[in-house]
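In: compute the structure for the input listed below.
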Amino acid sequence: MTLRPARVDDHDDVVAFTRDTWPERELDDYLPRTFRAWAENDDDAKRTLVADDGGRAVGVIQGVHLTEREAWVQALRVHPDYRDRGLARRLTDAVLSWARDRGAVVCRNLVFSWNVASLSLARSLGFAPATEFRWARIEADPGADPALDVCTDPDAGWTFWTDSDARDHLRGLTIHPSEAWTLSELRPADLDRAAAADGLFVVRRDGTRGLAVRNRAFEADGERWTEYAVGAWADLGAARALVDAAARDAARLDADRARMLIPETPRFVTDAAAARADVSGDPDFVLAADLTDPGVGAGE
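Out: Residues are numbered from 1 along each chain as shown. Presented below is the predicted three-dimensional model:
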């Protein structure tokens, strides 16, 4: 088998072995929807590879260079008939090597917390635990009225973030501004950009008490959502203000619902629930590979 860049004509092969990735769960794999676009739009910052056996794609992976120092790996899939042959390691090592050559010093990935097989695989491939999060889901409400002052001051928001429990737990990571379902370190420029788009929400009461950053709007299952790259707060009052601000913002943007990344801790999850947000049932885990370690991505 050889590894090569993905082609559009690999689509049917990839769909065939990713159509039922998690048969025990009512969860569709996103690859049948995204692979064609990935193959068509690979550029210097993205690398989609397939494992080729006699002209048939039997494995796939994608690497993304998110920032100068951060990369992401996703969509590692191997045809059931080709598992336990070291193919997952070959695909992952190829992406880690590519990311290192581009100057990245860390490569992260996301694994559903219930996916024990993928967690085990990630650890065996050199990824170490980084953080975990959940989604707070919020109904759009044009009448939501935050009880506390909510402003758009990026400097106040950044100062709060750098000294917050949320940043410590998340290790500085939030949803990346331009890549769905990837996380990178939040930067001051991200707050400036959000403020310019009326997507920054900074809660004040006797100082700065909370922060949320709108990331994007998207369609899923016939509904429109707004997404907030992170929600961070110092107390329940600030949590309620941010939930109300997101509900009002989602309505203003003609969305049906909003979702906000929150740290997976008892306080943040119960605060979100007390603020009348729904909370996703399972956390998501983020793992990280240290690309300064020459043994990571070098194969066995």
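
In: list the buried residues for the lengthiest helix in the chain?
Out: Of all the segments of type helix in the chain, defined by DSSP state H, the longest one is helix 236-252. If you call a residue buried by 16 or more other C-beta atoms under 10 Å, then helix 236-252 has these buried ones: 237-251. Heads up, the C-betas are built off the backbone N, CA and C, glycines and all.

In: for those residues, which one is nearest Leu110?
Out: Looking at the buried residues of helix 236-252 and their distance to Leu110, the nearest is Ala246, at 22.1 Å (C-beta to C-beta).

In: can I get the longest helix of the chain in CSV? Just the C-alpha atoms.
Out: This file holds the C-alpha atoms of helix 236-252, laid out as CSV (Å, rounded to 0.1, in the frame of the first residue of the first chain):
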residue,chain,number,x,y,z
LEU,A,236,-23.2,32.2,38.1
GLY,A,237,-24.4,35.7,37.5
ALA,A,238,-21.9,36.1,34.7
ALA,A,239,-22.8,32.7,33.3
ARG,A,240,-26.5,33.8,33.1
ALA,A,241,-25.5,37.1,31.4
LEU,A,242,-23.5,35.3,28.8
VAL,A,243,-26.3,32.7,28.1
ASP,A,244,-28.8,35.6,27.7
ALA,A,245,-26.4,37.5,25.5
ALA,A,246,-25.9,34.5,23.2
ALA,A,247,-29.7,33.8,23.1
ARG,A,248,-30.3,37.4,22.0
ASP,A,249,-27.4,37.4,19.6
ALA,A,250,-28.6,34.2,17.9
ALA,A,251,-32.0,35.6,17.5
ARG,A,252,-30.6,38.8,16.0
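
In: looking at the buried residues of helix 236-252, which is nearest Asp9?
Out: Distance to Asp9 across the buried residues of helix 236-252 (C-beta to C-beta) is lowest for Ala250, with 39.8 Å.
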